[in-house]
Each structure stands twice: as structure tokens, then as C-alpha cells.
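Peer 1: Quick check, what structure comes out for this input:
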Amino acid sequence: MKAIILAAGEGKRLRPLTETRPKAMLPVAGKPLIHHLLLEAKNAGVDEAVVVVRHMKDKIIEYLSKADVGMKLSFIEQGSDNGTGAALLCAKDHVHDTFMVLAGDIVTESSVIKAVMKGHTGGITLGLKKVGNPHEYGVVELSNGKVSLFEEKPKHPKSDLANLSVYCMEPTVFSELKSIGKSERGEYEIVNLFVGARGVVVDGYWRDIAYPWDLLEANEYVLSKMDAHSGHIENSTIEGKVIMEEGAKIINSYVEGSAYIGAGTIIGPNAYLKGYNCIGKWCSIGSGTTVKNSILLDHVNAKHLAYIGDSVIGENVNFGSGTQIANFRFDGENVNVQTEKGWANSGRKKLGIFVGDNTKFGVLSCTMPGKLIGSNCWVHSGVVVNKNVPSGTRVFTRQPIEFAKAGEED
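Peer 2: Prediction:
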């Protein structure tokens, strides 16, 4: 079985994290999304994949050319045409029999992919799952196992069955796509072929990575399935599971929950890891710093008295002493995030910040819940960040200071 992996998208809703990497390369549990997806596809019976790339394609090609995912890989660049249908058409000369199609920015398990394979009887078969927030997905109505209605992100969904972007198809889909032509948006859209297709409802884990906070849930799921792998641990308490790569160290610290610790990273002395954490390569988490339910990419430094909670932090970010990330609203309601397309309800009571690469925080700086801080920013000492910060911005605060001689303070 071959698979076509759709990994050409830019991921605008995942900014600032996707300003410097394609969304398929965002990490959970120490590996990019596409790496985990290919491993699950392999376990489901896929032995060859065609990866469709475009946005920052070199990063995907370079990584997967070195990674061991247990299958043969080839890469095709999507042309100027947009849409999932256009991405599929790019690969039409590479598949000649029944094949799978998987979005490169989902986290799922092999049982989901197997179920769609098993339920396929020809034409197109969609993987579907009941969800609690169907208005955020493409929604399907089924009649006798066939799709009778498909709506993309409807305000008032008529069903709770979400399209998972996990498909099994026959090569006839390519001629069908060409026959329907482009949509009003000027795109070849595979969704236009869904009515009449077969739908398979699955029970296994699936998470679409649409917003940065979706990474946190996916990270928890993948970490929960991984086996422990200890390393250099000195005078530390481990109440849970650690997965440590070569050269990682935990020194005089406390780990509670599950933690992936990348190569060369030093935890401690006197650090505290709580919940589900993924900490990249060559990071330094030092004295008095707490990291909770977060994802830190490579070369992140938080050496003194920082708090990082429910956040995703890009590469080469530095937290000055005493930096504090607030992650809870006073009223206890869900944290809302202002995105490029308006306010989005994260659905989370606890949510910190999302930071792009190469950003620096000064001593005693603070951020409010749910803020997006771009790449190459400086947040200076004593600043309270209460709104999003665009990339390339320096944020200051002005503090009036007065001087008086001793005894003349009034």
C-alpha cells in the first residue's frame, strides 16, 4: 500500500511557530508531526509514501531524507495551484493502485488508518469520527454508509461526524478531479467528490493540528504511549516517566509526569518539570525554573526562577531571570486567543503563550494567558505583555523614577 502525504501547506493559523518551519515539522514528543504520522502509517501497512511539499519544502525533505521511518519515501512539489485536489493531482503518476491519502498535520494512530483501509470498497472512502465541536471541521452526514452531505466548518452543524483527512482511494479519483475542474476559489477541491463516497466511523485517537494549542493535547497523547528511557540522572526525584536522549542530564531536580528531554539538554539544578513536557535539544532549564505541560524547541534557556506553563516555545528563545508566563484567567473561563482571523476559544482553562524563534525576555517580564509573541522579538525587563506581539518587535515599558536625599523622600 502506498500513501500520499499532503505536507505542502503554510499553516497560517499556527503562526508564529510556522514563520520559520512548515506545519508538518512542528514537534510533539521530540519528533515532527509528519514523523509520527509516517510511523503510524507504517504500522497500518503502508510501505511507501509520496510526500507532497511546497512551503519550506527543503526543511521537510532534509529531515525525512535522514529519518528512519521504515518505508520508501519520494517527494513531489505542489505547483502554483492550491487545494488538496491540486496536491493529489501532482502525485497522479506515482500511484497505480488503491492508495491512502493522509494530511501531514494530523496526529493519529495506526488503528484509524487500518479501519479506513478495511472499510474501503472502491472509489473514495473517508475516515470519520464523532467530535464535540463539529463547527471547527468538515462535517459529514451519512446515509447507509455513504456521504449524503458535506459542509466545511458550518456555523450550525447537522452532524457531529468530522472528516479526518484520512482517505483510501482508487486512481480513478484523478480523472474525476480534472472533470469537475476548479472551484469558485480557483482550486481543485477534493471535497467536491465526497458526496456519494463511503464513510467509515472510527474510534481511535485523532487530532487535527489547526491552532498552536492543539500541539499540547497531541504531545500528551504521544508521550503517554512512549516507553521510558532514562539517562544521566543525579540526586533527582522522578515521579513518572522520562525519555532522555543522548547527553541529556537531570541534576538535583524533580520530575512529575512524563517528560521527553532532547540530546544535550540539562535540567537543573533545582528545576521542576510537571505534567507532559517535551524539551528539545541543547536546552538549559535551571535553578528555580518550573516547566509545566509545555513544548520547548531546541536551544531554549530558562536558567533562573522562570515559570513556563501550557505553552509552546520556539527555537533559541531566552527567558531572563524571573520571567513569568500567566496561564489562568481570574474568572476561570476558557482562554481566548486573538488570531489573524479573529478571536478563537482555545477550549482550555489553562493556556500560556506561543513564541516564535530567536525571541528574548528580560528579567522580571511577564505575559498574560493566550498571547502570541512573534519571532526575533525583545521583551524588555519589567514588561507585562497583555496583547500579541508581531515578529521583529521590541517591547519596552516606561517607568517614572524620582530621586531624593535620605530623609527627604516626601
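
Peer 1: C-alpha from now on. contacts and neighbour counts both.
Peer 2: Fine.

Peer 1: What is the least confident helix or strand in the chain?
Peer 2: Across the helices and strands of the chain, mean confidence by mean pLDDT, DSSP states H and E is lowest for helix 172-180: a mean of 82.

Peer 1: In a strand, H55, correct?
Peer 2: No. H55: not assigned to a strand; according to DSSP: H, G, I helix; E, B strand; the rest coil it is coil.

Peer 1: what residue ranges in this protein score low on pLDDT?
Peer 2: Along the chain, the model assigns pLDDT under 70 to residues 181-188, 409-410.

Peer 1: tell me the domain ranges of it?
Peer 2: Following automatic domain parsing, one gets these domains for the chain: 2-210, 228-395.

Peer 1: List the residues that contact the residue nearest the centre of the chain.
Peer 2: The chain has L215 as the residue nearest its centroid, 3.7 Å off, counting by Cα atoms, centre = their mean. Applying Cα atoms under 8 Å, 6 or more residues apart in numbering, we find L215 in contact with 27-28, 209.

Peer 1: Helices of the stretch 1-150 of the chain, start to end?
Peer 2: 33-44, 57-66, 84-90, 110-119 (DSSP state H, counting those that start in this stretch).

Peer 1: now for the ones you listed, which one comes closest to G280?
Peer 2: Closest approach to G280 among these is made by helix 33-44 (14.4 Å; Cα to Cα).

Peer 1: Which other helices and strands does that closest one contact?
Peer 2: Counting contacts by 3 or more Cα pairs under 8 Å, 6 or more residues apart in numbering; DSSP states H and E, helix 33-44 packs against strand 106-108, helix 110-119.

Peer 1: Let's have the ones you listed in JSON lines, adding distance to E256.
Peer 2: Output for the helices and strands packed on helix 33-44, formatted as JSON lines (distance: least, Cα to Cα, whole Å):
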{"stretch": "strand 106-108", "distance to E256": "25"}
{"stretch": "helix 110-119", "distance to E256": "29"}
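
Peer 1: Highest mean neighbour count out of the domains of the chain?
Peer 2: Most buried of these, by mean neighbour count (mean count of other Cα atoms under 10 Å): domain 228-395, with a mean of 21.

Peer 1: quick one: V389 and G322, what's the gap?
Peer 2: V389 is 20 Å from G322, where distance means Cα to Cα, to the nearest Å.

Peer 1: no, scratch that, I was asking about E136
Peer 2: According to Cα to Cα, E136 and G322 sit 37 Å apart.

Peer 1: cool, P212 as well?
Peer 2: The gap separating P212 from G322 is 25 Å, by Cα to Cα.

Peer 1: and if you look at S224?
Peer 2: On the measure of Cα to Cα, S224 and G322 end up 31 Å apart.

Peer 1: for K12, same thing?
Peer 2: Using Cα to Cα, we find K12 at a distance of 32 Å from G322.

Peer 1: can you check V395 too?
Peer 2: As judged by Cα to Cα, V395 and G322 stand 17 Å apart.

Peer 1: Tell me which residues touch G199, please.
Peer 2: The contact partners of G199, by Cα under 8 Å, 6+ apart, come to 125-128, 142, 145-147.

Peer 1: Repeat the analysis, applying 7 Å as the threshold.
Peer 2: 125-128, 145-147 (Cα atoms under 7 Å, 6 or more residues apart in numbering).

Peer 1: how distant is stretch 233-250 from the center of its chain?
Peer 2: Relative to the chain's own centre, stretch 233-250 is displaced by 25 Å; criterion: Cα atoms, centre = their mean, to the nearest Å.

Peer 1: Give me the contacts around that stretch.
Peer 2: Stretch 233-250 has contacts (Cα under 7 Å, 6+ apart) with 228-232, 251-268.
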